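Peer 1: Let me see the structure of the following:
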Amino acid sequence: MENVKIDDTTLRDGMQMPGIRSPSPQERLEIAHYLDDIGIDRIELFGMFYDVDRKTAQMILNAGLKSQIGIWVRAVKDDIDEALRLDGVKGVGISHPISDIHLKYKLNISREQAYNRIHDAVQYCKDHGLIVFYHGEDSTRADWEYEKTIIKMLTELKADVYRVCDTVGVGIGAHKSTVIPINKSIPDKISEIVKNFKIEIEFHGHDDLGGAVTNTMIALQNGAKWASTTMLGMGERAGNAETEKVIMNLNYHYDNKKYDISLLTKTCQVIHEAMDIRIPSNKAIVGENVFTHQSGIHSAGVIKNPETYEPFDPDIVGNVRRLLVGPLGGKHVILFKLEQVLEKEGITEKVDPNDGRVKALIDYIRENLFGSGIRHSPLTDVEFEQLVRMFALK
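Peer 2: Sure thing, here's the model as predicted:
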């Protein structure tokens, strides 16, 4: 798993998320810089359709990033020509459906017509010296024998990467069986392609059934070289596999230190501000509650050793640890928070739990506020400091 690569599509698939604000070219460039600083191997983005897309693509291409830049196009000559007009473009991602349901109801064409479209588009790109990622849209609902003819054609045309697209998130991390056909079996499909075709494989997983990250990791475990992901899992409907989750799984489980994980939280915050997307408080790795503890038992454990209830230190991903004084808290967290407050005031002596003022503070919080039901939510830091002053401890 040391040689796997991340193809982040926040600035393409992520931009298709319903309800978000469309960022300006400068904001998109800032996001691209953050992705590049993390070490993302390839950044996929729009580069045609609208002037703002073309302007943004050119700005990013001119920025001198280390990441590869891939321009998303349809299997249409006009799209490819638009991409070729960009100065410095080296690669494209050609998207075209391969499932019968898409060919019939979306495009109203036959398998043969689809084959020819894909062939001609890939050939045209290779004739112009482009790196080609071909996206087999709706791969997990495509006929397996037909899909293999497409992959064979791609290898003959020397396309660089075949993207297995789990477009509606129906792929599963189980082996094929009487109820699971190979087109939906991520481990078996990826393994078969790797074994039988000389082309790098990328997996692009949607989260409609909640399996995007798991399926992405299974694809990588079975020979895929690329993971197509988005920050915060942005994208159509339920979104995609989260870039930050895939990177942290690689780091934590496989000791892959290729990416700068210290920038994960900050990058998500930049995207939140640029696109007006809410970061759920319990969002793994980057949410503000991920390293927040309120239960008395958990807080006591974390005070003694954070590893009791944290898989890794929040600092390494740019997040912070918080201990809350709330309805389920115990005296340990109150004492801990009290010492923090006093330390800010330059008082470094250890708090004496038998001090009458300290005992009164603990009783007031546990019995009068939370025990009586007067207070239902945790105290803010400002409120706690006010109580410390009230009990003459500051």
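Peer 1: C-alpha from now on. contacts and neighbour counts both.
Peer 2: Will do.
Peer 1: So residue 164, which state does it fall into?
Peer 2: Secondary structure, DSSP: H, G, I helix; E, B strand; the rest coil: residue 164 is strand.
Peer 1: burial measure for residue 139, as a count.
Peer 2: Neighbours of residue 139 under the rule other CA atoms under 10 Å: 25.
Peer 1: what sits against it?
Peer 2: Shown in contact with residue 139 (CA atoms under 8 Å, 6 or more residues apart in numbering): 97, 98, 99, 147, 164, 165, 166, 167, 183.
Peer 1: would a markdown table of those with pLDDT be doable?
Peer 2: A markdown table is the format used below for the contacts of residue 139 (pLDDT from 0 to 100):
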| residue | pLDDT |
| --- | --- |
| 97 | 98 |
| 98 | 98 |
| 99 | 98 |
| 147 | 98 |
| 164 | 98 |
| 165 | 98 |
| 166 | 98 |
| 167 | 98 |
| 183 | 97 |
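Peer 1: What are the boundaries of the strands in the stretch 1-150 of the chain?
Peer 2: Secondary structure of the stretch 1-150 of the chain by DSSP state E, counting those that start in this stretch: the strands cover 5-8, 42-46, 68-74, 91-97, 131-137.
Peer 1: ok, residue 12 touching residue 46?
Peer 2: Yes: the pair residue 12 / residue 46 is scored as a contact, 5.6 Å apart, by CA atoms under 8 Å.
Peer 1: any common contacting residues for the two?
Peer 2: residue 72.
Peer 1: Tell me, how many residues neighbour the closest residue to residue 224 other than its chain neighbours?
Peer 2: Leaving out its chain neighbours, the residue that sits closest to residue 224 by CA to CA, 6 or more residues apart in numbering is residue 201, at 4.7 Å. Taking other CA under 10 Å as the neighbour definition, residue 201 ends up with a count of 24.
Peer 1: For the residue nearest the centre of the chain, list the residues it contacts.
Peer 2: Nearest to the mean C-alpha position of the chain, counting by CA atoms, centre = their mean, stands residue 242 at 1.9 Å. Listed by CA under 8 Å, 6+ apart, the contact set of residue 242 reads 213, 229, 230, 231, 232, 233, 234.
Peer 1: With respect to residue 249, which of the residues you listed is nearest?
Peer 2: residue 213 (9.2 Å; CA to CA).
Peer 1: circling back: what about the nearest residue to the residue nearest to the centre of the chain once chain neighbours are set aside, how many neighbours?
Peer 2: In this structure, residue 242 finds its nearest non-sequential neighbour in residue 233, 4.1 Å apart by CA to CA, 6+ apart. By other CA under 10 Å, the residues close to residue 233 number 24.
Peer 1: Please look at residue 233 and residue 240 and confirm they touch.
Peer 2: Yes: at 4.6 Å, residue 233 and residue 240 qualify as touching, with contact defined as CA under 8 Å.
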